[in-house]
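S.K.: Got a predicted model here, sequence first, then my questions.
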Amino acid sequence: MYPNFYYIFQDWFGVNWPHLKLINSFGFFVAVSFMLGFYIMSIEIKRKYKLGILGEGKILKQTVGNPFPMGEYVSSGITGFIIGFKIIPMLSDFSVIENDPQKYILSTQGSFVWGIVVAAAFLGYNYFLDRKQRLAEPKEESHKVDPSYHMGAITMAAFIGGLLGSKLFHILENLSQFKADPWDSIMSFSGLTFFGGLIVGGASVLFVAKRKGIKLLHMLDVSAPAMMIAYGCGRIGCHISGDGDWGIVNTSPKPSWMSTLPDWLWSYNYPNNVNKVCNPFVEGDQQYLANSFCNFETTPYLVSPVFPTPLFEIIMCIVLFAILWFLRKRLKFAGILFGIYLIFSGIERFLIEKIRVNTIVKFGMTQSEIISIILFFLGILLIIYSYKRKLPLTLKKEIGTPIES
């Protein structure tokens, strides 16, 4: 396993670059998943706009030639100070973060001198750009934009809402960890729950989309394929880093129909996993006690192999994404595609929970199993509602290529 890019480059290329430890494998693939989702959603929004079902676009007006607002200088200075205060000392002396990068990032440790120097450089460059763009007489310009212009704001809403929701649901699912160390539970880079991100992030996206004038059912349909493939991409990070989202212990022999496939597709012991866990028998909200039962320094892997559930989910998400992508042009009414997505997500996660390590919360089921059932029936209800609403996915008149902003 590769908890960060240092281990990837060391294993693949034989180089020893300690600064690569700053690039966390899980975080990298989460970032890639957001960019992939952004790309897929942009494609779909532009396609729907050309079909004329998202309106005629909007006229964006802005005044050019005015001095930069004070807020832009303030944000530039703060950004420069943070880079100088934290990043430069870190690059010049890697030992300050080698053992605990998170502790350094969240501490007051840093260089005030470099912070002031870099902040001054940022402010100077900002002033240069400001003087360059000023006009003796500022003027108002306008241009037409299609709804994909708002994808930056929509993606940021998805990121912030998804992060907050996934962290909140993880805390609710693992209250004993939170009670033992609230600050670490909140600030830890690990511990994110997919359904929490889906619910809060989805609500944030819909809120922003409505403010930008995009019909909610169309926005939901645009999101469906993107969310499915983004989730699968995020699971790549889970598997590569070994973040604990693996399955239950699996010592059963590999089925005959998998005889030609590598053993790690059936069971895996996640060596060098980022959580530094070696005891796979500790389940759910007691997982933080795992190192009490074995020594990760001497056995840097799970002492018994487990189901590689992130791999299973990656495969399922790719297949389900392909189905959603195929259906997106073949359905009659808006909202049906997202209803199908909810049904697929509910079934996929409910099945994988049967072989995953997780915490039982009620009725003998995990939090994810309960939410999976709710999503399944919500998907059915949304499909029924969409058929009754009959919001068309095609119009007779097709709009030409939108003007680029």
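M.R.: Everything's here; your move. Numbers count the residues shown, from 1 in each chain.
S.K.: L261: how many residues sit nearby?
M.R.: Neighbourhood size, L261 [other CB atoms under 10 Å]: 11. Where you see a C-beta, it was placed from the backbone N, CA and C, and this is true even at glycine.
S.K.: do I373 as well
M.R.: 16.
S.K.: Repeat that for the one 4 residues further on.
M.R.: Around F377 sit 12 other residues, with neighbours defined as other CB under 10 Å.
S.K.: And V274, what's its pLDDT?
M.R.: With respect to pLDDT, V274 has a value of 85.
S.K.: Revised request: answer the last question for A230.
M.R.: Model confidence at A230, expressed as pLDDT, equals 90.
S.K.: going forward can the numbers begin at 52, since that is how I track them
M.R.: That works, and once the first residue is 52, the last one we named lands at A281.
S.K.: Within the helices and strands, which one has it?
M.R.: A281 is located in helix 267-292, with elements delineated by DSSP states H and E.
S.K.: for S255, same thing?
M.R.: Under DSSP H and E, the secondary-structure element containing S255 is helix 245-262.
S.K.: do the same with I129
M.R.: For I129, the host element (DSSP H and E) is helix 121-133.
S.K.: Contacts only, for the closest residue to Y178 other than its chain neighbours.
M.R.: In this structure, Y178 finds its nearest non-sequential neighbour in Y124, 7.8 Å apart by CB to CB, 6 or more residues apart in numbering. Listed by CB atoms under 8 Å, 6 or more residues apart in numbering, the contact partners of Y124 are 174, 177-178.
S.K.: Q113 too?
M.R.: Q113 is in contact with 191-193, counting by CB under 8 Å, 6+ apart.
S.K.: elements contacting the helix holding A281?
M.R.: Helices and strands touching helix 267-292, by 3 or more CB pairs under 8 Å, 6 or more residues apart in numbering; DSSP states H and E, are helix 76-102, helix 245-262, helix 360-378, helix 387-404, helix 418-440.
S.K.: if we can go back for a sec, state the next helix or strand along the chain beyond the helix holding I129.
M.R.: Per DSSP H and E, helix 121-133 leads on to helix 139-143 as the next helix or strand towards the C-terminus.
S.K.: Tell me the confidence at G285?
M.R.: Per-residue confidence for G285 comes out at a pLDDT of 88.
S.K.: Could you do the one 5 residues further on as well?
M.R.: At H290, the predicted lDDT confidence score is 92.
S.K.: contacting residues for the residue nearest to it when sequence neighbours are not counted?
M.R.: Nearest non-adjacent residue to H290, counting by CB to CB, 6+ apart: P361, 3.8 Å away. Taking CB under 8 Å, 6+ apart as the criterion, P361 is in contact with 286-287, 289-290, 296-297.
S.K.: Which single one of the contacts of Y124 is nearest to L271?
M.R.: When those are ranked by distance to L271 (CB to CB), N177 comes first, at 39.5 Å.
S.K.: and the angle from the helix or strand that the closest one is a member of to helix 121-133?
M.R.: In this structure, N177 sits in helix 163-184 according to DSSP H and E. Calculated by axes from the mean of the first three to the mean of the last three CA atoms, to 10 degrees, helix 163-184 forms an angle of 150 degrees with helix 121-133.
S.K.: Give the other helices and strands that the helix or strand following helix 163-184 contacts.
M.R.: Scanning forward in sequence from helix 163-184 by DSSP H and E, the next helix or strand is strand 190-196. Counting contacts by 3+ CB pairs under 8 Å, 6+ apart, strand 190-196 is packed against strand 109-115.
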